[in-house]
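J.: Here you go, sequence then predicted model.
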Amino acid sequence: VDRRQRQMCIRDRRYTVVLVGYSAEDPPVKYLLQGLAASNLEEKTNLYAFDKGTEDSVRDKWKDRGVRTISYQGNNHDALWATLDCWASRADSVIDWQKSIICLAQKDPKSLEKHERGMVTHLVSSSIGAFDFANAMPPPSAEWLCVFDVHCRYSEPYDANRYGFKENNGVDIEPLELYGLDEDPMRPESGRDYIGWLNEDGSNVGNQRLAGDYVSSGQSIPARLRHLNLWLSTQIESPILVWWIARQYSIHESLKRLLRQSVNQSDSITDSMRKVWDILFRGIGDFELSTHGAEWYSFMRRFRREDWSQSVIWELENCLTSKIKVTKTLGKLKSAPIIDVHVSEIKIRDLAKVEVVSYQLYGMPPVIPSNMLVKIVTIVQQSLIRTIDILNWVDQPYWERTVVNNRTETGEFSGSGDVGDILAWFNRIFNELA
């Protein structure tokens, strides 16, 4: 085939092109790949090259060619021939190969070599392979999320010197060593994301990812990701799944629905894990409804139009409702799910950072007429009591940042922090009632 036909073949995502027996400086290869680079091809993930040498040296030789390298070492190219022989075995008996990969997937991913984890991710990169993975018995561990999710593999390493020797026995944690793949580039580059859309999934509509920064929950997800959803719904007894969800900004609606259903229907989940899930679900819902003060301004606008109507009173109740925020924590858990607590005793704080967020009073509250004082005082009092209940529920028995001061010259209270201004307002309107 001529040069133009070779370029068309490489561009076509239906083909995977492997260069064997070429060097990066061979004129036919050099000119072919330079032409591709000049055409502004964004990704060349379907183009590979075998080359002899260390991983770093081979990557350096091909780094300007847009090629994903497969390095090997040894004499007489024995490793290359052994690899091609394995490829041939896989092509001759796909079913047997998939069974062998499922056996790998049923092991702890940290105990495997990078290329073995890479074979598992290759399996789940297709819809059929993801189906086999999701239906394996016993099911693969939820810790495979740390392999499939590119953000977990490339999490910030844990520096024991930074946190001292109280955590993880002073041992550093490099997520790429624990969960990385043989195909993963070194930082600051990033690897392939197996819980998001892949070329193998077909047409891409919206941001199709199980979880992440901005997930388009209204969009359907490919069949491959639906299979992974079903697998995750079998992992509700695993603290690692909670740890992973707490790291996400948003969760796809299909995954949330399956997880809620699985937790509600489970008779085997421990009481401690059920409470962890209840807090997590509440945190997910509260965070998605959070508007960072917009509710208070909406309440004030309605009050100026409607005064103390019933709708305005209900909107005030909504403003004063404390919310739960669950996010990833610091320390070793920021890098990897190194969990030291038994599942029967686990708490949400063993897996994530939990905050009880109370709304601030953005500006002076409206004047309350005497005939409304009892109702408004009761609403504010109930909101404070409910906040205390939430604090106790999440095992945080106090407000961390609350200050209330008595202004001696006026006898009034002023507050700051979590619920400081609400407490000061409650004191003021309660005194008016008295």
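T.: Received the coordinates, thanks.
J.: From here on, just use CA atoms for contacts and neighbour counts.
T.: Will do.
J.: For residue 6, give me the pLDDT.
T.: Model confidence at residue 6, given as pLDDT, is 61.
J.: next one: residue 329
T.: Here, the pLDDT recorded for residue 329 equals 89.
J.: contacting residues around it?
T.: 351-353 (CA atoms under 8 Å, 6 or more residues apart in numbering).
J.: Can you give me the separation between residue 360 and residue 421?
T.: Shown here: residue 360 relative to residue 421, a distance of 7 Å by CA to CA, to the nearest Å.
J.: For those two, indicate the residue with more neighbours.
T.: More crowded of residue 360 and residue 421, by other CA atoms under 10 Å: residue 421, with 24 against 18.
J.: Could you export the contacts of residue 329 as a markdown table, including distance to residue 110?
T.: Putting the contacts of residue 329 into a markdown table (distance: CA to CA, whole Å) gives the following:
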| residue | distance to residue 110 |
| --- | --- |
| 351 | 19 |
| 352 | 22 |
| 353 | 25 |
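J.: Of the residues you listed, which is the most crowded?
T.: Most neighbours among the contacts of residue 329, by other CA under 10 Å: residue 351, with 28 neighbours.
J.: my guess is that residue contacts residue 243, does it?
T.: Yes. Assessed by CA atoms under 8 Å, residue 351 is found in contact with residue 243 at 5.2 Å.
J.: any common contacting residues for the two?
T.: Residues touching both residue 351 and residue 243 (CA under 8 Å, 6+ apart): 328, 337.
J.: which stretches of the stretch 301-434 of the chain form helices?
T.: Counting by DSSP state H, counting those that start in this stretch, the segments of the stretch 301-434 of the chain that form helices are 310-319, 373-393, 420-433.
J.: And those helices: which comes nearest residue 337?
T.: Closest to residue 337 of the helices of the stretch 301-434 of the chain is helix 373-393 (CA to CA; 23.7 Å).
J.: tell me the angle the closest one makes with helix 420-433.
T.: Note on geometry: by axes from the mean of the first three to the mean of the last three CA atoms, to 10 degrees, helix 373-393 and helix 420-433 are set 150 degrees apart in direction.
J.: Would you mark the buried spots in helix 373-393?
T.: 373, 376-377, 379-381, 383-384, 387-388, 390-391 (16 or more other CA atoms under 10 Å).
J.: I'd like those residues written out as a markdown table, with distance to residue 172 added.
T.: Converted to a markdown table, those look like this (distance: CA to CA, whole Å):
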| residue | distance to residue 172 |
| --- | --- |
| 373 | 58 |
| 376 | 54 |
| 377 | 53 |
| 379 | 50 |
| 380 | 48 |
| 381 | 48 |
| 383 | 44 |
| 384 | 43 |
| 387 | 39 |
| 388 | 38 |
| 390 | 36 |
| 391 | 33 |
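J.: Could you dump the residues you listed into TSV with pLDDT and distance to residue 271 added?
T.: Compiled in TSV, the buried residues of helix 373-393 are given as follows (pLDDT from 0 to 100; distance: CA to CA, whole Å):
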residue	pLDDT	distance to residue 271
373	94	42
376	94	37
377	94	36
379	94	32
380	92	32
381	93	31
383	91	27
384	89	27
387	88	23
388	88	22
390	92	18
391	90	19
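J.: out of those, who's nearest residue 255?
T.: Out of the buried residues of helix 373-393, the one with the shortest distance to residue 255 is residue 390. That distance is 25.6 Å, counting by CA to CA.
J.: Tell me what the closest residue to the closest one other than its chain neighbours is bridged to.
T.: With CA to CA, 6 or more residues apart in numbering as the measure, residue 356 is the residue that lies nearest to residue 390, at 7.4 Å, once sequence neighbours are left out. With DSSP bridges applied, residue 356 shows beta-bridge pairing to residue 324.
J.: And residue 356, how close does it get to residue 391?
T.: Residue 356 sits 7 Å away from residue 391, taking CA to CA as the criterion.
J.: any chance of the contacts of residue 329 in CSV, plus distance to residue 129 and pLDDT?
T.: Below are those laid out as CSV (distance: CA to CA, whole Å; pLDDT from 0 to 100):
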residue, distance to residue 129, pLDDT
351, 30, 95
352, 32, 95
353, 35, 92
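J.: List the ones among the residues you listed that fall in strands.
T.: Among the contacts of residue 329, the subset assigned to strands under DSSP state E consists of residue 353.
J.: which residues does residue 64 contact?
T.: Residue 64 sits next to no residue when contact means CA under 8 Å, 6+ apart.
J.: Settle this for me: residue 211 is touching residue 247, isn't it.
T.: No. The pair residue 211 and residue 247 does not pass the contact test of CA under 8 Å, sitting 9.3 Å apart.
J.: Those two: which has the busier surroundings?
T.: With other CA under 10 Å as the criterion, residue 211 and residue 247 differ in neighbour count, and residue 211 comes out ahead with 24 against 21.
J.: Nearest spatial neighbour of that one, chain-adjacent residues omitted?
T.: Leaving aside its sequence neighbours, residue 211 sits nearest to residue 251 (CA to CA, 6+ apart; 4.4 Å).
J.: do the same with residue 51
T.: When the adjacent residues along the chain are set aside, residue 51 lies closest to residue 71, with 5.2 Å between them (CA to CA, 6+ apart).
J.: Is the one you found in contact with residue 50, as I believe?
T.: Yes. Residue 71 is in contact with residue 50 according to CA under 8 Å; the separation is 5.9 Å.
J.: got the contact list for the residue nearest to residue 347 when sequence neighbours are not counted?
T.: Distance criterion CA to CA, 6+ apart; nearest residue to residue 347, sequence neighbours excluded, is residue 276 at 6.1 Å. Contacts for residue 276 were tallied using CA under 8 Å, 6+ apart; they are 242, 346-348.
J.: Only whichever of these are buried, select them in ChimeraX.
T.: What follows is the ChimeraX syntax selecting those of the contacts of residue 276 that are buried according to 16+ other CA under 10 Å:
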select :242,346,347,348
